[in-house]
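Undergrad: Give me the fold of what follows.
(one chain, ligands or ions: 2)
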Amino acid sequence: MRTALVIGTGLIGTSAALALVGRGVRVHLADRDPEQARTAVALGAGTDEAPEGPVDLALVAAPPAHVAGVLADAMRRGVARGYLDVASVKGAPRRELEALGLDLSHYIGSHPMSGREKSGPLAASADLFEGRPWVLTPTRDTDTEVLNLALELVSHCRAVPVVMDADAHDRAVALVSHMPQLVSSTVAARLEHAEEAAVRLCGQGIRDVTRIAASEPQMWIDILSANPGPVADLLTDVAADLDETARALRALRSAEGAEREEGGARVRDVLRRGNAGRVRVPGKHGSAPRAYEVVAVLIDDQPGQLARIFADAGTAGVNIEDVRIEHATGRQAGLVQLMVEPRAVPVLTAALRERGWALRQ
Ligand SMILES: NC(=O)c1ccc[n+]([C@@H]2O[C@H](COP(=O)([O-])OP(=O)(O)OC[C@H]3O[C@@H](n4cnc5c(N)ncnc54)[C@H](O)[C@@H]3O)[C@@H](O)[C@H]2O)c1
Ligand SMILES: O=C(O)C(=O)C[C@]1(C(=O)O)C=C[C@@H](O)C=C1
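TA: Ligands and ions are numbered 1, 2, ... in the order given. Purely as a prediction, here's the structure:
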């Protein structure tokens, strides 16, 4: 692929554009809001000049409700050899395009399983898709050259291609993305009017559970409107589990020993099932999750602290697998949790101590 046109230069469009530019592709950027495209240009994601002729691949990264309209317009103008969208739902946009009577042999619906709770080009990064599944939904009518262009895009973004049927994709993401979004939002909603004395105690647990509750509501209304049935069914199942757990907890207060025991067993069961489900979540690069050890370092909240820790770890020959930062409420300090291979713990701990870092358990 030598040229591409990205339409919709928000988080996903700009991230893909940055990855393509990094692999030597000439990328043209367009957005309904020219300011967004200019920001993406300033980030080095390509040019906002219109291409002179058809590009190799047009990538539509507009909100789901706009995808079919934007694709139809681009196809009618013949701006590219192949067309691809990245919307989080796949059945509805395809059906909308079919209803418009367009030839879809040069189109592939796709969905990178990677994103953030933040929108817009400033949240973009070239490595957003690295190691993540990127679903492609070709049909038997899809042109082979277009499938190859899509595979090249996925490879340039260092993602892992997964071929699926559009409706099977929508059922799967109802479970692993759409229902969890609503559960996260529902948990975070409990905090809206909570007392300050409780909220200031927020630790890592609630941060993990509610991160995606910060996502853009309009984007999620689009996504959920295009996949309501499967998500509603799953929410009904979750609600039944919650209901059952609430009843089990109330049984723990019973005067009857047998009832308390039964309640305890049911609470234990939901926690056990949670453990069993969590084990099935793949690790960073799609493999089984690895058991990393945590080395925790207390830092002042000052520029350059993280870079120094990483540099010190690098000098000690230690690879940081993952990192989390917990900011201390009301203090200019934070706890950095460095995830490393168990055998790297003594080396890293000694190296950081030697360089004066304050380690914590
Ligand atoms: N956010 C995620 O985590 C995530 C992950 C995977 C896929 N997606 C999908 O990627 C797409 C983009 O999401 P995002 O998070 O980058 O959103 P975003 O809000 O960051 O960016 C969307 C961009 O599209 C532009 N836009 C809106 N209507 C347009 C139109 N008619 N023509 C051209 N541009 C238009 C907006 O101005 C904005 O710049 C969505 O379809 C979403 O479902 C999102
Ligand atoms: O991690 C996040 O913040 C996401 O928004 C990621 C996430 C997801 O549910 O995994 C959200 C929606 C997209 O369609 C794809 C990815």
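
Undergrad: So which elements touch the worst-scoring helix or strand of the chain on mean pLDDT?
TA: Among the helices and strands of the chain, strand 322-327 carries the lowest confidence by mean pLDDT, DSSP states H and E, at a mean of 75. Helices and strands touching strand 322-327, as assessed by 3 or more CB pairs under 8 Å, 6 or more residues apart in numbering; DSSP states H and E, comprise helix 204-210, strand 333-340. Glycine gets a C-beta too; all of them are placed from N, C-alpha and C.

Undergrad: what residues does the first one touch?
TA: If I follow you right, that is helix 204-210. Helix 204-210 is touched from outside by 184, 187-188, 191, 324, 326, with contacts defined as CB atoms under 8 Å, 6 or more residues apart in numbering.

Undergrad: filter the residues you listed down to the ones near ligand 1?
TA: Among these, no residue is within reach of ligand 1 (CB under 6 Å from any ligand atom).

Undergrad: Mind putting these into TSV with neighbour count?
TA: Converted to TSV, the contacts of helix 204-210 look like this (neighbours: other CB atoms under 10 Å):
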residue	neighbour count
184	19
187	13
188	16
191	14
324	14
326	15
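
Undergrad: Closest one of those residues to ligand 2?
TA: Among those, residue 184 lies closest to ligand 2 (CB to the nearest ligand atom), at 9.6 Å.

Undergrad: Looking at the contacts of helix 204-210, which is nearest residue 358?
TA: Of all the contacts of helix 204-210, residue 326 has the smallest distance to residue 358: 14.3 Å, by CB to CB.

Undergrad: how about the closest residue to the closest one other than its chain neighbours, what does it touch?
TA: Once flanking residues are discounted, residue 326 sits nearest to residue 335: 4.5 Å by CB to CB, 6 or more residues apart in numbering. Residue 335 is in contact with 296-299, 325-326, 328, 360, counting by CB under 8 Å, 6+ apart.

Undergrad: Can you say which of the helices and strands packed on strand 322-327 is nearest to residue 117?
TA: Of all these, it is helix 204-210 that lies closest to residue 117, at 9.5 Å by CB to CB.

Undergrad: about what we covered before: comparing the helices and strands packed on strand 322-327, which gets the lowest mean pLDDT score?
TA: Of all the helices and strands packed on strand 322-327, the minimum mean pLDDT falls on strand 333-340 (a mean of 85).

Undergrad: what are the pairing partners of it, and which direction each?
TA: Sheet pairing here is set by DSSP bridges, and for strand 333-340 it gives strand 293-300 (antiparallel), strand 322-327 (antiparallel).

Undergrad: and of these, who's closest to ligand 2?
TA: Each of these has some distance to ligand 2 by CB to the nearest ligand atom; the shortest is strand 322-327, at 14.1 Å.

Undergrad: follow-up on the earlier one: for ligand 2, which of the helices and strands packed on strand 322-327 is the nearest?
TA: Relative to ligand 2, the nearest member of these by CB to the nearest ligand atom is helix 204-210, separated by 11.4 Å.

Undergrad: Who are the packing partners of the helix or strand just after that closest one?
TA: For helix 204-210, the succeeding helix or strand toward the C-terminus, using DSSP states H and E, is helix 217-225. In terms of contacts (3+ CB pairs under 8 Å, 6+ apart), helix 217-225 is packed against helix 64-77.

Undergrad: residues making contact with the very next helix or strand once past the helix it packs on?
TA: Next helix or strand after helix 64-77 toward the C-terminus (DSSP H and E): strand 80-85. Here strand 80-85 makes contact (CB under 8 Å, 6+ apart) with 5, 54-61, 67, 71, 74-75, 93, 106-110, 143, 145-146, 149-150, 153.

Undergrad: Report the closest residue of the stretch 251-361 of the chain relative to ligand 2.
TA: Closest point on the stretch 251-361 of the chain to ligand 2, by CB to the nearest ligand atom, is residue 281, at 10.9 Å.

Undergrad: Over to that residue. Which of the three states is it?
TA: Of the three states, residue 281 takes coil under DSSP: H, G, I helix; E, B strand; the rest coil.

Undergrad: Briefly note if stretch 138-153 comes near ligand 1.
TA: No: judged by CB under 6 Å from any ligand atom, stretch 138-153 makes no contact with ligand 1; its nearest approach is 13.6 Å.

Undergrad: what about that stretch, distance to the chain center?
TA: Counting by CA atoms, centre = their mean, to the nearest Å, stretch 138-153 is centred 24 Å from the centre of its parent chain.

Undergrad: Could you export it as CSV, CA atoms only?
TA: C-alpha atoms of stretch 138-153 as CSV (Å, rounded to 0.1, in the frame of the first residue of the first chain):
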residue,chain,number,x,y,z
PRO,A,138,-14.9,-10.2,4.4
THR,A,139,-17.7,-12.0,2.6
ARG,A,140,-17.5,-14.4,-0.4
ASP,A,141,-17.9,-11.4,-2.7
THR,A,142,-15.0,-9.5,-1.2
ASP,A,143,-12.2,-8.7,-3.8
THR,A,144,-9.0,-10.5,-2.9
GLU,A,145,-6.9,-7.4,-3.6
VAL,A,146,-9.0,-5.5,-1.0
LEU,A,147,-8.6,-8.2,1.6
ASN,A,148,-4.9,-8.0,1.0
LEU,A,149,-4.9,-4.2,1.5
ALA,A,150,-6.8,-4.7,4.8
LEU,A,151,-4.3,-7.3,5.9
GLU,A,152,-1.5,-5.0,5.1
LEU,A,153,-3.1,-2.2,7.1
